[in-house]
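Q: next input, structure requested:
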Amino acid sequence: MSHIYDTSIADRLTLELSYLEFKDSTVKKPILCSACPGWVVYAEKTHGELIVPYLSKVKSAQQIMGQIIKSKNPDAYHFTVMPCFDKKLEAARKNNSVGELREVDCVISTAELKEILEREDCPMESVGIEKTEETGEKYEGPVDYLGSGGYLEFIYRKLQNNSKEEIKFTPYRRNNDFMETEIECDGRKIKMAKVYGFRSIQQIVRQIKSKTCKYDYIEVMACPQGCINGGGQIPLKNGSRTEKKAHFDQVSKYFHENKLISLPAGDFTATEDLQKFLTSWNVSVEKPQGLIALAAQI
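A: Numbers count the residues shown, from 1 in each chain. As a prediction, this is how the structure comes out:
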């Protein structure tokens, strides 16, 4: 292993691209976030032309990071560690490539990483960040990773001129995995929703089918409670449903208390460290077109 990259660099690019897409008046609304490959495959295979035209055209952070790495170093073998098994499907898609090179060569889940370390007699509990630094260069991004991408929150706050006020969410029909909010911008109310898990996804699909969907932007994730609860995450073995719920709450609390889920402030172009990083990788951020070059069709 020669380099370790903090994916928050690509997270930030993905967020900025999503905001630019949302502001584009020619893009069909509602925009359905397409960062979750499980959700995208379900939409394509089950609902086709009913849903696919609404999917965001912005690639996920995993694929954008791969695009940057392979553009800089075509011979690199790029593997990622993700909380989701479906990220393997995303990496294998034919259109996720730089020329004939795959943007991502291999994806392993956090649970698989734990198993690999245990086979090498190196339990994950004994591995600190100082040990990963010894394997090669480590590039930290200026933005902490956002639990399920932070797409809705980022767009909301950009529309609100980066206000740090708490966003008020209301559960749809008492479903805490379907949360809605609204913001007034340029004289009109913009409605948004976070939709996690297939029970919630089916509700939003029914709304689109019946043409009763009132939202402008919807952050969709296949896993209930979002990516922190991803299928590839390290499970609590032999635990009851109640114990697993308590374990998830503990993990979520850890992320929040340690600011592992926090929103970036201001425009990323003003962030000196990220600006230097992108310049060194020949990624133009002077104009929106420089960012749009990193986006691709689903």
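Q: surely residue 198 and residue 221 touch.
A: No: at 10.2 Å, residue 198 does not count as touching residue 221 under the criterion of Cβ atoms under 8 Å. No exception for glycine: its C-beta is placed from N, CA and C like everyone else's.
Q: who's more crowded, these two?
A: residue 221 (28 against 16; other Cβ atoms under 10 Å).
Q: need phi/psi at that one.
A: Reported as degrees, to the nearest 10, the phi and psi values for residue 221 are phi -130, psi 140.
Q: give me the distance between it and residue 167.
A: 17 Å (Cβ to Cβ, to the nearest Å).
Q: buried residues in stretch 38-49?
A: Residues of stretch 38-49 classed as buried: 38, 39, 40, 42, 43 (neighbour count, 16 or more other Cβ atoms under 10 Å).
Q: show residues contacting it.
A: The contact list for stretch 38-49 (Cβ atoms under 8 Å, 6 or more residues apart in numbering) reads 32, 34, 51-52, 55, 84, 86, 89-90, 198, 201, 205, 220-223, 298.
Q: which helix or which strand is home to residue 107?
A: Using DSSP states H and E, residue 107 sits within strand 106-109.
Q: would you mind pulling up the elements that that strand packs against?
A: strand 79-82, helix 87-92 (3 or more Cβ pairs under 8 Å, 6 or more residues apart in numbering; DSSP states H and E).
Q: helix or strand right after that strand?
A: As assigned by DSSP H and E, the chain's next helix or strand after strand 106-109 is helix 110-119.
Q: which parts of that next one are buried?
A: Applying 16+ other Cβ under 10 Å to helix 110-119 flags 110, 111, 113, 114 as buried.
Q: now stretch 181-196, how far from the centre of its chain.
A: 20 Å (Cα atoms, centre = their mean, to the nearest Å).
Q: which parts of that stretch are buried?
A: Buried residues in stretch 181-196, defined by neighbour count with 16+ other Cβ under 10 Å: 181, 182, 183, 190, 192, 193, 194, 195, 196.
Q: and stretch 202-221, by the same measure?
A: Here stretch 202-221 shows 203-205, 207-208, 213, 215-221 as buried, counting by 16+ other Cβ under 10 Å.
Q: show the average pLDDT along that stretch.
A: Mean pLDDT, computed over stretch 202-221, is 96.
Q: so which residues of the stretch 1-150 of the chain form strands?
A: Using DSSP state E, counting those that start in this stretch, the strands of the stretch 1-150 of the chain run over 3-5, 31-32, 79-82, 97-98, 101-102, 106-109, 137-139.
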